[in-house]
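[1] next one to model:
(chains A and B)
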Amino acid sequence: MPALFATRREVGIVTIIDLSGRIALGEGSALLRKTIRDLLEDGQTKILLNLGDVNYIDSSGIGELVSGYTAVRNREGELKLLNLTKKVHDLLQITKLFTVFDVYSDESTAVTSYL
Amino acid sequence: MTPESKHLEVILDTHVESVNLAEEMCLRVAEAVGFNEDECYRIGMSVREGVINAFHYGNQEKPDKKIHLAVDLTQEKMVIHVMDEGKGFRLADVPDPLAEENLLSTSGRGIFLMRSFMDEFNVVAGRTGGAEVVMSKKIPPPGSASSNGNHGNSNSDSTPKQEA
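    Model prediction:
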């Protein structure tokens, strides 16, 4: 099963993390945790997770997303989500996390929302 | 057990890799009996969550304990059993992950996902002394929207062999 890959880029004041693969118990969840922790240590608190190539998240991955959201908010930052696949969209909907996260389907709109 | 039913059972180590192994094994069975891609996703996720539960909460990640996974196939449904060697738990004691105060919890969604994705779900006292998750999904009739057209092909090469 494919692991998770994460690449980082900056658009204005926002750090976008392009994720691909599975956010699941094990390496995937651990990489997401480390990625967000490293950004916070660098002082980056405006974070946009691009989940366009993430087609699988389990309960461990959901927990990591929530943990990241809380950690960023505790630094008075914002963690938002971009480009959900149908499976991830449905998962966030049934777990009611759609009401917690700001979710965007257009990158420029998402970036503008941080201003 | 009727002549048409099949039983598969494996004993897994209390290890993160067992979660992927259990998921892959059940996915192959689900595909072989004809579930379509969406239903296979739901079954795979449910098995994954059941084994994560056994690994983390039941066996407390202790390597000397085992996770028992069994699949029963009848003509009507696929029944999955996940047993741990922990102390067991009552479903009534599991917090509701959809409650406002639990939405930002970083854990506690596995049971909810299994309940949501399977047709039947229950937790009973297992013969190992721990909890036994029992969940099932109705096997789609050939040609239905839930079928992948592979119905009844459970003797194909994609059927997993029994492993220890």
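
[2] pLDDT at the closest residue to residue A:47 other than its chain neighbours, what is it?
    Of all residues beyond its chain neighbours, the one nearest residue A:47 is residue A:79 (4.7 Å), with distances taken as Cβ to Cβ, 6 or more residues apart in numbering or on different chains. The C-beta positions use only the backbone N, C-alpha and C, and glycine is treated the same way. Listed pLDDT for residue A:79 reads 98.

[3] partners of the residue nearest to the spatial centre of chain A in the sheet?
    The centroid of chain A falls nearest to residue A:49 when counting by Cα atoms, centre = their mean (3.4 Å). Counting by DSSP bridges, residue A:49 is bridged to residue A:17, residue A:81.

[4] now do it, the pLDDT please.
    For residue A:49, the model assigns a pLDDT of 98.

[5] again, but for residue B:1
    According to the model, residue B:1 scores 51 on pLDDT.

[6] so where's the chain uncertain?
    Looking at chain A here, since you left the chain open. For chain A, the stretches flagged by pLDDT under 70 are A:1-2.

[7] you looked at the wrong chain, it should be chain B
    Ranges of chain B meeting pLDDT under 70: B:1-3, B:151-164.

[8] burial check on the closest residue to residue B:5 other than its chain neighbours, number of neighbours?
    Among residues not flanking residue B:5 along the chain, residue B:74 sits closest, at 4.8 Å (Cβ to Cβ, 6+ apart). Counted with other Cβ atoms under 10 Å in any protein chain shown, the neighbours of residue B:74 add up to 15.

[9] also residue B:127?
    9.

[10] pretty sure it is touching residue B:85, no?
    No: with contacts defined as Cβ atoms under 8 Å, residue B:127 does not count as touching residue B:85, sitting 10.5 Å away.

[11] give me every residue in chain B lying close to chain A.
    B:16-17, B:19-20, B:24, B:41, B:45, B:48-49, B:52, B:97-98, B:103-107, B:109-110, B:112-113, B:116 (Cβ under 8 Å from any Cβ of the partner chain).

[12] quick one: which of these sit in helices?
    Secondary structure from DSSP state H places B:16-17, B:19-20, B:24, B:41, B:45, B:48-49, B:52, B:110, B:112-113, B:116 of these in helices.

[13] just the buried subset of these, written out for PyMOL, thanks.
    Remark: buried members of these, expressed as a PyMOL selection using 16 or more other Cβ atoms under 10 Å in any protein chain shown:
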select buried, chain B and resi 16+19+20+41+45+48+49+52+110+112+113+116
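
[14] list just the nearest of the ones in helices among the residues of chain B next to chain A to residue B:4.
    Using Cβ to Cβ, residue B:24 comes nearest to residue B:4 of those, at 25.0 Å.

[15] so how far is residue B:54 from the closest one?
    Using Cβ to Cβ, to the nearest Å, we find residue B:24 at a distance of 16 Å from residue B:54.

[16] which residue, neighbours along the chain excluded, lies closest to the spatially most central residue of chain B?
    Nearest residue to the geometric centre of chain B (Cα atoms, centre = their mean): residue B:47, 3.1 Å. Residue nearest to residue B:47 in three dimensions, not counting chain neighbours: residue B:26, with 4.3 Å by Cβ to Cβ, 6+ apart.

[17] look up how far residue A:14 lies from that neighbour.
    Between residue B:26 and residue A:14 the computed distance is 40 Å (Cβ to Cβ).

[18] part of a strand, is residue A:9?
    Yes: assessed with DSSP: H, G, I helix; E, B strand; the rest coil, residue A:9 lies in a strand.

[19] so it bridges to which residues?
    With DSSP bridges as the rule, residue A:9 is bridged to residue A:16.

[20] quick one, what contacts it?
    Residue A:9 sits next to A:15-16, A:18 when contact means Cβ atoms under 8 Å, 6 or more residues apart in numbering or on different chains.
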